[in-house]
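Asks: dropping a prediction and its sequence here:
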Amino acid sequence: MNSVFVICEIDDAKIADVSLELLTKGRSLANRLKCKLEAVVLGSELDGIEKELFPYGADVIHIGDDPRLKPYTTLPHAAVINGLFREEKPQIGLLGATTMGRDLGPRVSSALGSGLTADCTALEIGDHEEKKANMVYKDLLYQIRPAFGGNIVATIINPDHRPQMATVREGVMKKEIYSASHKGVVKKIDVSKYLKPEDLVVKVLERHMEKSRVNIKNSSIIVAGGYGMGSKENFNVLYELAELIGGEVGASRAAVDAGFADHDRQIGQTGVTVRPKLYIACGISGQIQHTAGMEESSMVIAINNDPMAPINRIADYVIVGDVMDVIPKMITYYKKNSK
């Protein structure tokens, strides 16, 4: 009752990173609310899965281990979560803003009449005063997300309905071990209690999944280009530099919208959140929509012909100049001095 619930996702027989990130955040929310953190895992062949979850602070793990729940399909998963939430009555329910989360979250929130905030970039606990009604709501979930194309940041609350539900993008929250020795309770879900024959009308006969060719989130070095790169062809120097120093190429939204780079390389509020050891920003002005996705980088080098560009305020080193002059010189110098 009144716990923080995280609906976990299985990826290649392991708990997905976004679920572990949500458990890390969920632990801090539960500590603030002085309640339990509970995780839900649905699938098949889940023996020992709790060992992955307890170190991230889960107090209770609900496991639904049934062949009918693998692979993910909408109706049976939604039926089990709806039934479980009606019994357990959590105050907060969190999912990753993945293909599964974006499908399952709205189904569950609609069935429970609770509402949901999608693609959150931050979650906090706070109070809200309704002055007209002279009411104060304590310990609400602040669901924070970009709105109007990332031009503003909205804080959304749900004072009257439970659970307060939100999906969160991968990489936004930090993934941290709470305690390697942390232990909790495992509860087995009686899946048959919640499933009806009509929930099983869809069967997956075959799956073809292509893994992403770009792994920006886990790269320790990122060379990112913005609209200031000028063209898609000019991005080639960024690919050359990234390959030379063992990094990946990222891009701002403006560069992606202009067709300079693919969307899976987009960094920022409407893209991926990254925390590399080195972030080289090339031709990026540094609007808040972009910096929100890279401001926790260990070191930032900004290359821009505008000495007053906002990116310079968060950069550790600033190079004022034309990127198409600076980058080739960096490549030449690195080749000379790295042998």
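Replies: Perfect, I can see it now. Numbering: from 1, shown residues only.

Asks: where in this structure is pLDDT low?
Replies: 1, 148-151, 211-212, 339 (pLDDT under 70).

Asks: name the single longest strand found in it.
Replies: Longest strand in the chain, counting residues (DSSP state E): strand 135-147.

Asks: what's the end-to-end length of stretch 40-57?
Replies: 13 Å (Cα to Cα, to the nearest Å).

Asks: how about that stretch: buried residues?
Replies: Residues of stretch 40-57 classed as buried: 40-43, 46, 49-50, 52-57 (neighbour count, 16 or more other Cβ atoms under 10 Å). Backbone N, C-alpha and C define where each C-beta goes, glycine included.

Asks: can you list the strands that the longest strand of the chain pairs with?
Replies: strand 122-130 (antiparallel), strand 152-156 (antiparallel) (DSSP bridges).

Asks: same list (those) but as CSV, adding mean neighbour count and distance to Ile221.
Replies: Output for the strands paired with strand 135-147, formatted as CSV (neighbours: other Cβ atoms under 10 Å; distance: least, Cβ to Cβ, whole Å):
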stretch, mean neighbour count, distance to Ile221
strand 122-130, 14, 26
strand 152-156, 14, 28
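
Asks: of those strands, which is nearest Ile222?
Replies: Closest to Ile222 of the strands paired with strand 135-147, according to Cβ to Cβ: strand 122-130, at 21.6 Å.

Asks: residues in contact with the closest one?
Replies: By Cβ atoms under 8 Å, 6 or more residues apart in numbering, the residues outside strand 122-130 that reach it are 25, 29, 32-33, 94, 135-145, 157, 159, 166, 168, 172-173.

Asks: same thing but at 10 Å, please
Replies: Here strand 122-130 makes contact (Cβ atoms under 10 Å, 6 or more residues apart in numbering) with 4, 22, 25-26, 28-33, 92, 94, 117, 135-145, 153, 155, 157-159, 164, 166, 168, 172-173, 292.

Asks: how far away from the center of its chain is the helix or strand where Glu243 lies?
Replies: If you go by DSSP states H and E, Glu243 is part of helix 236-245. Centroid separation for helix 236-245 versus its chain: 27 Å, with Cα atoms, centre = their mean, to the nearest Å.
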